[in-house]
Every structure is written in structure tokens, then in C-alpha cells.
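[1] Got a sequence here, can you model it:
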Amino acid sequence: LAAKVGGVKANTDFVGNFYDENISINTNVLSVSIKYSIPKVVSILSTCVYPDAEYVQYPLTEKQLHMGPPHVSNFGYAYAKRMLDVQTRAYRKQFNVDYVTVIPNNMFGEYDNFHLENGHVIPSLIRKVWEAKINASEQIEVWGDGRPLREFTYSEDIAKILIKVANEYS
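    Numbers count the residues shown, from 1 in each chain. Next comes the predicted model:
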């Protein structure tokens, strides 16, 4: 689950940092796992790994993963996460290990990042609504033009899925 993560603004402003740190995390975790004969590794990608193209269909499927470049706002992070899948497949093939990747959609939960500029979609919106309420404002600013589609899953549900993958999926 190790990763340097952020919202759209952080991914856009620090695109190189997000790429560098996540590529390093990928390589360190997987190479040490091989070195010490760790039998199972479950790694998480991000929904942003998917291409930003008109031919992408919802719900997203792993077959669409490499059909084009990810959105320009987070391409450094997205490509680093795509490479985690490539590296996992390469290690699985060469070393015959049970290493897998999971691509959950956008997650949210109680301990999320509620920062207005660097948080994820749902917690940032919750904070904006809360602050509007306590400041008696009837308006909030929502980024974008309303066309992007997103899929969301509660963090505890993702945790249950990951446990099932770790215990039952090869």
C-alpha cells in the first residue's frame, strides 16, 4: 500500500516528484520481497492509471489499462503506478512468485485527506460543504466542468477485498 499520493493539484504541481518517489517505492518493495523470498505480494495501483480517452468505457476494466496515456494532470503518478503492474508481472514470470496487483477505483473514508487543494475528491467536497455550512455560505467551488466520470468505493470495503485477494487469489 506504500505510495506517495495526492489530489489533482499536487499531482500536477509535483509530477516529477510523484513519478520518482513511486517508482522507487515499487522497485524497493518488490526487489526486497524477491531477495527475502516473500511468497505473496498484493500491490495497489490507482484508478488514474487508465487512459484519458473517449473510448474508455465504464465500468473500467483492466483490459483498458494500456489503451492510451493517462490524464495529463497526473501522468507521472499514473505511469509509475502502471509500471508497478508491469514490474509485478515481470517478477511473477521470472521468479515464479504469487505477486498480484489490484486497481481499485477512487476510495474514500474517515481518515482521508481533507485538504482543500491536495485532498481527494470526496473528502475535499465534504470539507467544502462543511465550511460553507459553518460560514453560512450557499456556494462552494467545485473543480472541473462536470463531464469527468468517477467511481467510488468506501475504504473499509476495499480493505475487505484486499484481504480476500491476499488469502484467496493467485
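
[2] farthest residue from the center of this structure?
    In the chain, the greatest distance from the average C-alpha position (C-alpha atoms, centre = their mean) is reached by residue 136, at 34.2 Å.

[3] Phi, psi for residue 101 please.
    Dihedral pair for residue 101: phi -120, psi 150, per degrees, to the nearest 10.

[4] Which residues are in contact with residue 53?
    Listed by C-beta atoms under 8 Å, 6 or more residues apart in numbering, the contact partners of residue 53 are 67, 68. The C-beta positions use only the backbone N, C-alpha and C, and glycine is treated the same way.

[5] Can you give me the distance of it to residue 68?
    Separation of residue 53 from residue 68 (C-beta to C-beta, to the nearest Å) stands at 5 Å.

[6] Also residue 143?
    From residue 143 to residue 68 the distance is 23 Å (C-beta to C-beta).

[7] Residue 130 now?
    For residue 130 relative to residue 68 (C-beta to C-beta), the value is 37 Å.

[8] show me the contacts for the residue positioned nearest the centre of the chain.
    Among the residues of the chain, residue 46 comes closest to the average C-alpha position under C-alpha atoms, centre = their mean, at 2.2 Å. Each residue near residue 46 by C-beta under 8 Å, 6+ apart is listed here: 3, 5, 77, 78, 81, 103.

[9] quick one: least confident of those?
    Lowest pLDDT of these: residue 5, 85.

[10] is it fair to say that one lies in a strand?
    No. Remark: residue 5 does not belong to a strand; assigned using DSSP: H, G, I helix; E, B strand; the rest coil, it is coil.

[11] Contact partners for it?
    Counted by C-beta under 8 Å, 6+ apart, residue 5 has contacts 46, 77, 113.

[12] how far away is it from residue 163?
    Taking C-beta to C-beta, one finds residue 5 at 21 Å from residue 163.

[13] per-residue pLDDT, residue 134?
    At residue 134, the model reports a pLDDT of 95.

[14] Quickly note the distance from it to residue 8.
    Taking C-beta to C-beta, one finds residue 134 at 25 Å from residue 8.

[15] More neighbours: the two, which one.
    Counted by other C-beta atoms under 10 Å, residue 134 and residue 8 do not tie: residue 8 has more neighbours, with 19 against 8.

[16] Tell me how many other residues surround the closest residue to that one other than its chain neighbours.
    Leaving aside its sequence neighbours, residue 8 sits nearest to residue 73 (C-beta to C-beta, 6 or more residues apart in numbering; 5.2 Å). Counted by other C-beta under 10 Å, the residues lying close to residue 73 total 17.
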